[in-house]
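A.B. asks: Quick one, structure for this:
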Amino acid sequence: MRRHRELCAGAVDPLEIAAGLEAHGVTDRTAARFRHRDVFSLAEELYARVPRDDEGPGAPAAPPPRGRVGGRLAVGALHLVPGALGVATVVGLARARGGAVGERVAAGVGGGALVMAALWLCLARGPLKVRGGGLAGRLAGVLRVGWLIAYALCGDWLLHGLRTGAWRPYDVAPAAEAAVVLALAVAPAAWCARWFARRARRRLVGSRGLAEFAAGVRPLLAGTVALFLCALSPLVLAVQLAVRFALPLPGRPPGAVPAAVASDVVAVCVLLFVARLLAVHGFRRAAATGTAAACAAEAAVLGGAVVGRLPGGGAFAEAAARASAVCGPAGLPAAVCGVTALALLAYAFAALSRASAHTPATPGTPGTPGTPGARISPLSITTRST
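C.D. replies: Prediction:
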């Protein structure tokens, strides 16, 4: 009680104390030393015995409910805007295909800027919002995500040109379909993130121990990723068919869909989704490390191709050739992002199974999810029955 008095005094629910104790390393075995069967039971006694800041005649009133149905619908509709703008951009490029070069450039640049602005708004609110991090961290995150998206759009074309020196015509259709899929994937990603967060909190309410909660959250996380993949696969196929018919190239029949592009965009989407899920729940450093490792691997292959064309760079050229031979120039993003996504997912099974990862900080209060001292909103979690 003395060691964790500040946590107990500011708690609005026994679950906040349980999550804070777990974040400080208190386990069910530790709770047994205090004659309690688990951390949740210990937290209930601490909540009952320690005077809280909100008790007394001068305690502030509970804030009014803010979870309006209209606001939730507006946030949900906002996540559909990037996909709609991406489709509109592709339609504009298809209509300007026979026009002047300036019209095509204006349509592509203007549509891309609108899509990026919509993505920024979607990531600034709703279930995909990450609290804290500072301006430098956000800029670094934008650079990492921008690199992954840019490599998915033109990395194979760039790698082929750097390795062979023969620059083939740039195929607009794969870049267009990858961009549209990435924009459309924001909506299912937000829905899956909200679905996971709500059910994880319900598990937290009904669990009687940390081991029981972890055992219930792990299959929930696996189901969330599987649900995102199930929503993404038909979306990829539909977008590819639509873009291939809208932007056919000479010498290629309309509707031809290469499998490499599909695997690339799916791997990038899964990596970004798992990384964002970790960042939302407070594990920003792990998410940043994973995405940075993927960026470094792709940059290393490009750098090896560049150095390999210089005098004395035969070893680098051979390494880049081997990397391209193993997974193919067009399959490099799929291999790199797929392996990184699996590594992050393995980390997420351990990190997101902790109770402290599901304590959302209320706006305006210090602390972030997954860290000690995070405050729980009394409206964000149901009171656990005793």
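
A.B. asks: any idea which helix or strand comes after the helix or strand of the chain with the lowest mean pLDDT?
C.D. replies: For the chain, the helix or strand with the lowest mean confidence is helix 314-327, at a mean of 67 (criterion: mean pLDDT, DSSP states H and E). Going down the chain from helix 314-327, the next helix or strand is helix 332-351, by DSSP states H and E.

A.B. asks: Pull out the buried residues from that following helix.
C.D. replies: Neighbour-count burial for helix 332-351 flags 332-338, 340-341, 343-345, 347-348, 351 (criterion: 16 or more other C-beta atoms under 10 Å). All C-beta spots, glycine's among them, are computed from the backbone N, C-alpha and C.

A.B. asks: Could you find the closest non-adjacent residue to the most centrally placed residue in the chain?
C.D. replies: In the chain, the residue lying closest to the centroid (C-alpha atoms, centre = their mean) is Arg276, at 2.1 Å. Nearest non-adjacent residue to Arg276, counting by C-beta to C-beta, 6 or more residues apart in numbering: Leu128, 5.8 Å away.

A.B. asks: In this structure the residue nearest to the centre of the chain contacts Pro127, no?
C.D. replies: No: with contact defined as C-beta atoms under 8 Å, Arg276 does not count as touching Pro127 (9.5 Å).

A.B. asks: Need the overlap of contacts for the two.
C.D. replies: Residues touching both Arg276 and Pro127 (C-beta atoms under 8 Å, 6 or more residues apart in numbering) are Ala193.

A.B. asks: Spell out the residue ranges of the helices in the stretch 1-150 of the chain.
C.D. replies: 5-9, 14-23, 28-33, 39-49, 69-78, 81-95, 101-123, 134-164 (DSSP state H, counting those that start in this stretch).

A.B. asks: looking at those helices, which is buried most?
C.D. replies: Neighbour counts (mean count of other C-beta atoms under 10 Å) averaged over each of the helices of the stretch 1-150 of the chain peak at helix 14-23, with a mean of 26.

A.B. asks: chain center to the helix or strand where Ala287 lies: distance?
C.D. replies: For Ala287, the host element (DSSP H and E) is helix 284-308. Distance of helix 284-308 from its chain centroid, counting by C-alpha atoms, centre = their mean, to the nearest Å, is 18 Å.

A.B. asks: Now do the buried residues in that helix.
C.D. replies: 284, 286-295, 297-298, 301-302, 304-305, 307-308.

A.B. asks: Thanks again, I'm all set now.
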